[in-house]
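Asks: Only the shape, not the letters, is given here:
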């Protein structure tokens, strides 16, 4: 018997087996809980936190059937990613209207780098978990934690062209964020014959790494002062908030 | 939209039926076709032909479950296209899955040369019934949907290594089962 004949016979299977395989998706929470419990036991007995961190770094993110030929996994690596061209010029008004963005004040709770494999083409990005503290525009709610795709991996020693603001982002940092609200249409990423629906892995993503975040860093307020000429001298998030509220009242 | 409502649209000969079918199962179909054909354009063509096939078959057919019915058509059309292409141009997840099965099935001869695909399918179903739900899904995702180890791992919440080990055991179990049934010598 050859495999092709076997495969042909597989095509004759009753639909219930196919349906079961389509619908089955193990709840990640349960697995994570079991793994955490196992890791905690190991931690107490022998090995320590290193094992958990290593396992966590390799885990793959589940994707919907709309994504094809691509896999996404967490990684500890952060190789440099270079942008392909100049940002399109947008006026201050257009920065609030060109993309459908949410706007909120929040704190970065976690950043994890991801490795994306498009049929062998590899790309690196990061996912930030941001706890929302005040919503100015968009569907999120106060107290909610949202996941946002960053256009570059995050590493303390890394500088990436066209991602100056986002590259400065670190866990624990507060800021005002303006990420694009993802849906299946606007989050499609095609590369090397593969398709990733970014909505599968995050709720939001930055349209670029420069103009859609205002970060309160140890060295002061970081944002694109050239793009926001009317607040180019701002030194605090309060000043940014005042400006955002005014803009949102005009462009809700 | 519920499957029953989509089928009613087909019965009413409404072209919206195709749109709704595509909205609900287009991603699933494209992924399946792509996994087998390893070519986005061919996969798209295959999915469009599938919709035409469903349009021509429903009515009178009233498929239940609809997703499995549509996927079967996608798979069959993909296999036909692969047949036209020839083995040299297969590639992709389907080719890898076939290679694994080849190692499991072709070492021994087949007791009944005249065994038909439908008969073998009934035996495979009996084998699947002996498995746990999770192992059954792992087997089906690999050898029916041509999913990669990583995709299966993400679906069932196991590591890729674990999936690899399980599939090795499942293939050994399959071989033992078919040998016990007198299909493999």
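Replies: Nice, thanks for sending it over. Model, not experiment: these values are computed from the prediction. Numbers count the residues shown, from 1 in each chain, chains lettered A, B, ... in the order given.
Asks: What is the burial count for residue A:99?
Replies: Residue A:99: 18 surrounding residues under other Cβ atoms under 10 Å in any protein chain shown. (Each C-beta comes from the backbone N, C-alpha and C, glycine too.)
Asks: So it versus residue A:108, what's the distance?
Replies: 21 Å (Cβ to Cβ, to the nearest Å).
Asks: which parts of stretch B:122-139 are buried?
Replies: For stretch B:122-139, the buried set under the neighbour-count rule, 16 or more other Cβ atoms under 10 Å in any protein chain shown, comprises B:123, B:124, B:127, B:128, B:131, B:135, B:136, B:137, B:138, B:139.
Asks: Also stretch A:136-146?
Replies: Buried, per 16+ other Cβ under 10 Å, within stretch A:136-146: A:136, A:137, A:138, A:140, A:146.
Asks: which one is residue A:221 nearest to, not counting chain neighbours?
Replies: residue A:235 (5.8 Å; Cβ to Cβ, 6 or more residues apart in numbering or on different chains).
Asks: can you check residue A:145 too?
Replies: residue A:131 is the one closest to residue A:145 (Cβ to Cβ, 6+ apart), at 4.9 Å.
Asks: Phi and psi next, for the one you found.
Replies: phi -80, psi 120 (degrees, to the nearest 10).
Asks: Can you pull out the low-pLDDT segments for chain A?
Replies: A:1, A:26-59, A:80-86, A:156-163 (pLDDT under 70).
Asks: how about the strands in chain A?
Replies: Taking DSSP state E as the test, the strands found in chain A are A:70-75, A:103-118, A:121-137, A:145-150, A:174-177, A:180-181, A:188-191, A:194-197, A:204-205, A:213-217, A:220-222.
Asks: among those, which is the most enclosed?
Replies: strand A:204-205 (a mean of 25; mean count of other Cβ atoms under 10 Å in any protein chain shown).
Asks: that older thread, select, out of the strands of chain A, the one closest to residue B:59.
Replies: Closest approach to residue B:59 among the strands of chain A is made by strand A:194-197 (33.2 Å; Cβ to Cβ).
Asks: picking up where we left off before, quickly name whichever of the buried residues of stretch B:122-139 is closest to chain A.
Replies: Closest approach between these and chain A, by Cβ to the nearest Cβ: residue B:137, at 4.4 Å.
Asks: just checking, that closest one is part of a strand?
Replies: No - applying DSSP: H, G, I helix; E, B strand; the rest coil, one finds residue B:137 to be helix, outside a strand.
Asks: Let me see the confidence value for it.
Replies: Reported pLDDT at residue B:137 in the predicted model: 94.
Asks: my guess is it meets residue B:157, correct?
Replies: No - contact criterion Cβ atoms under 8 Å: residue B:137 and residue B:157 do not qualify, at 11.2 Å.
Asks: Would you mind listing where chain B has pLDDT under the threshold?
Replies: By pLDDT under 70, the weakly predicted segments of chain B are B:86-92, B:106-114, B:185.
Asks: Who are the contact partners of the residue of the stretch 51-200 of chain A found nearest chain B?
Replies: The stretch 51-200 of chain A approaches chain B most closely through residue A:66 (3.5 Å), counting by Cβ to the nearest Cβ. For residue A:66, the contact set (Cβ atoms under 8 Å, 6 or more residues apart in numbering or on different chains) comprises A:184, A:195, A:197, A:200, B:26, B:27, B:30, B:31.
Asks: does the residue nearest to residue A:145 have beta-bridge partners, and which?
Replies: residue A:107, residue A:145 (DSSP bridges).
Asks: Next, name the residue at the spatial heart of chain B.
Replies: residue B:144 (2.9 Å; Cα atoms, centre = their mean).
Asks: how near is that one to chain A?
Replies: Using Cβ to the nearest Cβ, to the nearest Å, one obtains 5 Å as the distance from residue B:144 to chain A.
Asks: isn't that residue right next to residue B:74, touching?
Replies: No - assessed by Cβ under 8 Å, residue B:144 is found out of contact with residue B:74, at 11.1 Å.
Asks: Identify the spatial nearest neighbour of the residue nearest to the centre of chain B, chain neighbours not counted.
Replies: residue A:10 (5.4 Å).
Asks: Kindly report the same for residue A:228.
Replies: residue A:92 (6.0 Å).
Asks: What are the boundaries of the helices in chain B?
Replies: Using DSSP state H, the helices of chain B run over B:3-11, B:16-37, B:40-57, B:66-85, B:92-105, B:117-129, B:133-143, B:149-156, B:160-180.
Asks: and the shortest one, how far from the chain's centre?
Replies: When you say that, I think you mean helix B:149-156. With Cα atoms, centre = their mean, to the nearest Å as the basis, helix B:149-156 stands 16 Å off its chain's centre.
Asks: Would that helix count as contacting chain A?
Replies: Yes - using Cβ under 8 Å from any Cβ of the partner chain, helix B:149-156 reaches chain A at B:150, B:151, B:153, B:154, B:155, B:156.
Asks: Against residue A:236, how distant is the residue nearest in space to the middle of chain A?
Replies: In chain A, the residue lying closest to the centroid (Cα atoms, centre = their mean) is residue A:149, at 2.1 Å. Remark: distance between residue A:149 and residue A:236 (Cβ to Cβ) = 27 Å.
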